[in-house]
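**Student:** Below: sequence and its predicted model.
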Amino acid sequence: MKSTVVIEINNQFLKLIAAKPSLKGPQILRLAVKSVTGLSDEDLAKAIPQLLKELGLSPSPLIVSFPRNLSTVRNLRFPSADPNEISGMIDLHVGRQVPYAKEDIISDYQILGTDEVGYAKVILAIVQREALKRIFNILDQVRLSPEKVELGTYGVWSRVLFSQKNLIRSDELYLLLDIDRDFTDFIIFSKDNLLFSRSITLGQEEMGEEIKRTKFVGEIKQSLVIFQGEETSKKPAKIFLSGAQAGIKEMSEFLNKELNLTVEVITAFQNLSLSKNITKATSAVPEGVSISGVTGLAIDTTREKITFSLPEIQVRSQIKKRTRQLVTLGSLLTYILAVICGLFFGRMYNREAYLRGLRERFEKIKQETDSLAQKSREINIIKGRLDIQSSALKYLYEIHKLVPEEIILNAITFEEADKMVLRGQAKEMSNVFEFITVLEGSAYFQKIESKETRKKKIKGREVSEFEISCPLIR
């Protein structure tokens, strides 16, 4: 059965769901939630194909839902609306957001728009390379290649948008709480954007205790304060509560009382079309487990989401794609050759004429294949000679290393092809000259020139504004 299959692997459960489009909207075909507590990665790898076989599924495509509690999400602002510049600035800033080396993390982001002063608003998600690599290794053991690895938070959001679209207005903000066994995904969203997410380390297991419920509400209030401090002071119009069904009604009443907001409970299969074969499976889902993330990703495959991928997996995917193309080309050439041979067998009456015609055809095909091979070699040569040393990121990274704490850079501009202009502020004029001295000692810049310096008062504090021209050394 061909369908979109979504899988999530965490320390406690293996979640798997399959869906396909229908005239009545997305239909859930298969569903399974299996406890994997204490299982090794090898045992997990064995469990996945067995589960797929039991459900009668052929995962094409296969999407992986990455758990929210294993990722870090940040809201950032950048002084540019250019996507290329934003990408470069994120590459410089991403290492500062988590206590890991840059080579040990994988990240992706979405641009949410611009604020009132023209700064780009960005939501950035970061995961540890090893956590992502573990998932790929498990799937690779059973020859499964995921098409995408998507942040589960986007599935939770899509699930609510689908089932509650009549209650969501375009001019309002909403709070979404998806409670899983060991954590809660705190989400602020509008009809068009997922604006903010925070993982709260309290899940369904702790909700039975009064003290933990009180602490949970405190975490929600703190998260609201963080969001309103970073984004907007606007209060959410409503709370949507989804995820684990155990005690969800009591929790909704508790939240309504503590937060003074209307709480809308979303059951696991509310407003979803279910196949006949899934009835028993729905009752087998543990009440303390959330399937919102995998469900949302399965029913909404077109919305742009934050995704993660390892560079080596991308290379492998490209190689597989090229291999398929070559196989297709080879099959086509074989077919053409067979047709040519058939024509020659029918038209040629003697061995010499047949061989001569066959050689002519062979030479023609050889020229075509040689041309393709030559183009392939040229592409490889071009790739090999892409000069990463001339990349603007090299100079931005050098500035990032050299700029002292006393200097604040407001703008970095590349003028023409061989010059970078730095504009910013410093506490003292001496800091500017010290910064120039540092730049002069770099192997990337030459003939540093201070084009403009001046004193200025900002919020009662005097600062020195400067503009420095840095010709580049290629």
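**Tutor:** Now that the structure is in, tell me what you want to look at.

**Student:** I believe residue 168 is in a helix; please confirm or correct that.
**Tutor:** No. Counting by DSSP: H, G, I helix; E, B strand; the rest coil, residue 168 is not part of a helix but coil.

**Student:** Now do the contacts for it.
**Tutor:** Shown in contact with residue 168 (CB atoms under 8 Å, 6 or more residues apart in numbering): 160-161, 174, 191. To be clear about C-beta, it is placed using only N, CA and C from the backbone, and glycine gets the same treatment.

**Student:** pLDDT wise, what is it at?
**Tutor:** The score at residue 168 is 92. That number is its pLDDT.

**Student:** hmm, back to that, among the contacts of residue 168, name the ones in strands.
**Tutor:** residue 174 (DSSP state E).

**Student:** Around the spatially closest residue to residue 157 that is not a sequence neighbour, how many other residues sit close by?
**Tutor:** In space, and not counting its chain neighbours, residue 157 is closest to residue 194: 4.9 Å by CB to CB, 6 or more residues apart in numbering. Residue neighbour count, defined by other CB atoms under 10 Å, stands at 24 for residue 194.

**Student:** what about the closest residue to residue 5 other than its chain neighbours, neighbour count?
**Tutor:** Leaving aside its sequence neighbours, residue 5 sits nearest to residue 59 (CB to CB, 6+ apart; 3.9 Å). Residues near residue 59, counting by other CB under 10 Å, number 22.

**Student:** The one 4 residues further on too?
**Tutor:** For residue 63, the count of nearby residues is 23 (other CB under 10 Å).

**Student:** can you check the one 3 residues further on too?
**Tutor:** As a burial measure, residue 66 scores 28 neighbours (other CB under 10 Å).

**Student:** roughly how far apart are it and residue 129?
**Tutor:** Distance of residue 66 to residue 129, computed by CB to CB, to the nearest Å: 13 Å.

**Student:** Remind me which helix or strand residue 123 belongs to.
**Tutor:** Assigned by DSSP states H and E, residue 123 falls within strand 120-128.

**Student:** for that strand, packing partners?
**Tutor:** Strand 120-128 sits against strand 71-78, helix 83-93, strand 105-114, strand 194-200, with contacts defined as 3 or more CB pairs under 8 Å, 6 or more residues apart in numbering; DSSP states H and E.

**Student:** Please state the mean pLDDT value computed over stretch 53-61.
**Tutor:** pLDDT averaged over stretch 53-61 gives 83.

**Student:** swap in stretch 149-156?
**Tutor:** 95.

**Student:** is it true that residue 333 touches residue 366?
**Tutor:** No. In this structure, residue 333 is not within contact of residue 366 by CB atoms under 8 Å, at 10.5 Å.

**Student:** Which one's more surrounded, those two?
**Tutor:** Taking other CB under 10 Å, residue 333 and residue 366 do not tie; residue 333 has more neighbours (14 against 11).

**Student:** can you pull the pLDDT of the more buried one?
**Tutor:** Residue 333 is assigned 83 on the pLDDT scale.

**Student:** Scan this structure for its longest helix.
**Tutor:** As assigned by DSSP state H, the longest helix anywhere in the chain is helix 311-347.

**Student:** Just the buried residues of the one helix or strand residue 360 maps to, please?
**Tutor:** Using DSSP H and E, residue 360 sits within helix 351-384. Within helix 351-384, the residues that qualify as buried are 357-358, 361, counting by 16 or more other CB atoms under 10 Å.

**Student:** Need those in JSON lines (columns: pLDDT and distance to residue 239).
**Tutor:** Converted to JSON lines, the buried residues of helix 351-384 look like this (pLDDT from 0 to 100; distance: CB to CB, whole Å):
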{"residue": "357", "pLDDT": "80", "distance to residue 239": "78"}
{"residue": "358", "pLDDT": "83", "distance to residue 239": "76"}
{"residue": "361", "pLDDT": "85", "distance to residue 239": "73"}
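
**Student:** From the residues you listed, pick the one nearest residue 205.
**Tutor:** Closest approach to residue 205 among the buried residues of helix 351-384 (CB to CB): residue 361, at 72.1 Å.

**Student:** looking at it, the closest one is touching residue 340, isn't it?
**Tutor:** Yes. Using CB under 8 Å, residue 361 is in contact with residue 340, at 4.9 Å.

**Student:** re earlier: helices or strands next to the helix holding residue 360 in the packing?
**Tutor:** So helix 351-384, by 3+ CB pairs under 8 Å, 6+ apart, packs with helix 311-347.

**Student:** what angle separates the helix it packs on from helix 351-384?
**Tutor:** For helix 311-347 against helix 351-384, the angle by axes from the mean of the first three to the mean of the last three CA atoms, to 10 degrees is 160 degrees.

**Student:** Give me the distance from helix 311-347 to the chain's centre.
**Tutor:** 34 Å (CA atoms, centre = their mean, to the nearest Å).

**Student:** same thing with stretch 361-370?
**Tutor:** Distance, centroid of stretch 361-370 to centroid of chain: 44 Å (CA atoms, centre = their mean).

**Student:** swap in stretch 465-474?
**Tutor:** That offset, for stretch 465-474, works out to 35 Å (CA atoms, centre = their mean).

**Student:** Give the buried residues for it.
**Tutor:** Buried residues in stretch 465-474 (16+ other CB under 10 Å): 465-470, 472.

**Student:** Nothing else from me, thank you.
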